[in-house]
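**Student:** structure of the sequence below:
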Amino acid sequence: MSTGASAAPGDSASSVRAGAGASPGPGRLGSLGPVGLVLAGCVSVQFGGALAVTLMPRAGALGVVSLRLLVAAIVLLLVCRPRLRGHSRADWGTVVAFGIAMAAMNGLFYQAVDRIPLGPAVTLEVLGPLALSVLATRRAVNALWAGLALGGVFLLGGGGLDGLDPAGAAFAVGAGAMWAAYIVFSARTGRRFPQADGLALAMAVGAVLFLPLGIAESGSRLADPTTFGLGAAVALLSSVLPYTLELLALRRLPAPTFAILMSLEPAFAATAGFLVLHQSLSAAEGIAIALVIAASIGAVRTQVGRERKRAPEAAPGAVSEALPKATPEV
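**Tutor:** Alright, predicted model coming up:
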């Protein structure tokens, strides 16, 4: 795990943002740090998703999700060794809600791609984080960035969603809603638990809830050594690494900015599809990627500029007290 995560959430965020107000250099590094974590998580999860496509014929959609959550939970519990005592009822409620959101997000999305093409499914799923970014922020300019990103993901999805299987579209929209819930509860979990302890516990909750569904669909196929090995690789790329990076990033990055950064997922998915699955990009898809990247950069620059302007006006203690409010309580 990252050594930088050893500090308490409030302390970590305070040091980064206080640095942003102190001088341009540290502030810039502090602001780009969590953004880099998010982008690394995007790369990992999409290449893991491309690998999962090759695994679905072996284990089925629910079986893949079960393997992802199970292996990820085992790895994180062994590495983090989270304490089970000393947590309040509110702490446990947060981590259970986080685990439910993760399991539902993955399960609904794989049900969606089992019924509709990947492009429209990702497009509909991204609506969740984009809606969160618009509803959570009080700045009108972020609505502009969200609208630009939304146009990009629709273009990436082929410019139209006519004729989609109603159930598949509903599953994708549901996955987007759970993605938004994942963002909120990931931020709350990061503030309540040290390092990635909360993530490990939440992953275990998701695995326990989802494993019966995977066994019901795939049965003994989940125990096949090759299938389990591929599932373990998918878990590391699509769950352990990206969720850990995102949880650490959300300790220092406001949820509205994080939500718009998540709109980069279709771009990374297209890249992973080209490199792993040999899926070519059209001109329209290239334009869509450019729109999404422009929206994400605009959102990050807007947030960084706001923090730099606000930090010098507040005393260090006042800045620290305001930091938990940077992530919206939904």
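**Student:** and residue 93, how far from residue 175?
**Tutor:** Residue 93 sits 23 Å away from residue 175, taking CB to CB, to the nearest Å as the criterion. (Each C-beta comes from the backbone N, C-alpha and C, glycine too.)
**Student:** next: residue 39.
**Tutor:** Separation of residue 39 from residue 175 (CB to CB) stands at 21 Å.
**Student:** neighbour count winner among those two?
**Tutor:** Using other CB atoms under 10 Å, the more surrounded residue of residue 39 and residue 175 is residue 175, with 27 against 17.
**Student:** just the helices in the stretch 51-200 of the chain please.
**Tutor:** 61-80, 89-113, 118-136, 140-156, 166-192, 197-218 (DSSP state H, counting those that start in this stretch).
**Student:** as a markdown table, these with mean pLDDT and distance to residue 271 would be great.
**Tutor:** A markdown table is the format used below for the helices of the stretch 51-200 of the chain (pLDDT from 0 to 100; distance: least, CB to CB, whole Å):
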| stretch | mean pLDDT | distance to residue 271 |
| --- | --- | --- |
| helix 61-80 | 88 | 21 |
| helix 89-113 | 90 | 18 |
| helix 118-136 | 73 | 13 |
| helix 140-156 | 76 | 12 |
| helix 166-192 | 87 | 20 |
| helix 197-218 | 89 | 26 |
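**Student:** residue 282 is nearest to which of these?
**Tutor:** helix 140-156 (9.6 Å; CB to CB).
**Student:** what's the closest one packed up against?
**Tutor:** Applying 3 or more CB pairs under 8 Å, 6 or more residues apart in numbering; DSSP states H and E, we find helix 140-156 packed against helix 118-136, helix 255-261, helix 265-276, helix 283-310.
**Student:** if we use 6 Å, what do you get?
**Tutor:** Packed against helix 140-156 by the contact rule (3 or more CB pairs under 6 Å, 6 or more residues apart in numbering; DSSP states H and E) you find helix 118-136, helix 255-261, helix 283-310.
**Student:** just the CA atoms of that helix, as PDB, please.
**Tutor:** The C-alpha coordinates for helix 140-156 follow below in PDB (Å, rounded to 0.1, in the frame of the first residue of the first chain):
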ATOM      1  CA  ALA A 140     -22.300  26.600 -12.900                       C
ATOM      2  CA  VAL A 141     -19.000  26.100 -14.900                       C
ATOM      3  CA  ASN A 142     -18.800  22.500 -13.700                       C
ATOM      4  CA  ALA A 143     -22.200  21.900 -15.300                       C
ATOM      5  CA  LEU A 144     -20.600  23.100 -18.600                       C
ATOM      6  CA  TRP A 145     -17.800  20.600 -18.200                       C
ATOM      7  CA  ALA A 146     -20.200  17.800 -17.400                       C
ATOM      8  CA  GLY A 147     -22.300  18.700 -20.500                       C
ATOM      9  CA  LEU A 148     -19.200  18.600 -22.700                       C
ATOM     10  CA  ALA A 149     -18.200  15.200 -21.300                       C
ATOM     11  CA  LEU A 150     -21.800  14.000 -21.700                       C
ATOM     12  CA  GLY A 151     -21.700  14.900 -25.400                       C
ATOM     13  CA  GLY A 152     -18.400  13.000 -25.700                       C
ATOM     14  CA  VAL A 153     -19.600   9.800 -24.200                       C
ATOM     15  CA  PHE A 154     -22.800   9.900 -26.300                       C
ATOM     16  CA  LEU A 155     -20.700  10.300 -29.400                       C
ATOM     17  CA  LEU A 156     -18.500   7.500 -28.300                       C
END
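**Student:** now that helix and helix 118-136, what's the angle there?
**Tutor:** 170 degrees (axes from the mean of the first three to the mean of the last three CA atoms, to 10 degrees).
**Student:** what angle sits between helix 140-156 and helix 265-276?
**Tutor:** Going by the same axes, to 10 degrees, helix 140-156 makes 30 degrees with helix 265-276.
**Student:** what comes up buried for helix 140-156?
**Tutor:** For helix 140-156, a neighbour-count test (16 or more other CB atoms under 10 Å) marks 142, 145-146, 148-156 as buried.
**Student:** could you do stretch 74-85 as well?
**Tutor:** Within stretch 74-85, the residues that count as buried by 16+ other CB under 10 Å are 74-77, 80, 82.
**Student:** which one of the residues you listed is nearest to residue 100?
**Tutor:** Nearest to residue 100 among the buried residues of stretch 74-85, with distances taken as CB to CB, is residue 76, at 16.7 Å.
**Student:** once you drop chain neighbours, what's closest to that closest one?
**Tutor:** residue 200 (3.7 Å; CB to CB, 6 or more residues apart in numbering).
**Student:** mind showing which ranges of the stretch 201-330 of the chain have poor pLDDT?
**Tutor:** Within the stretch 201-330 of the chain, the stretches with pLDDT under 70 are 255-256, 259-260, 263, 277, 279-281, 285, 300-301, 303-330.
**Student:** if we use 80, what do you get?
**Tutor:** 239-240, 243-244, 246-248, 250-286, 288-330 (pLDDT under 80).
**Student:** quick one: contacts of stretch 294-303?
**Tutor:** The set of residues external to stretch 294-303 that reach it, using CB atoms under 6 Å, 6 or more residues apart in numbering, is 35, 141, 145, 148-149, 257, 260-261, 264.
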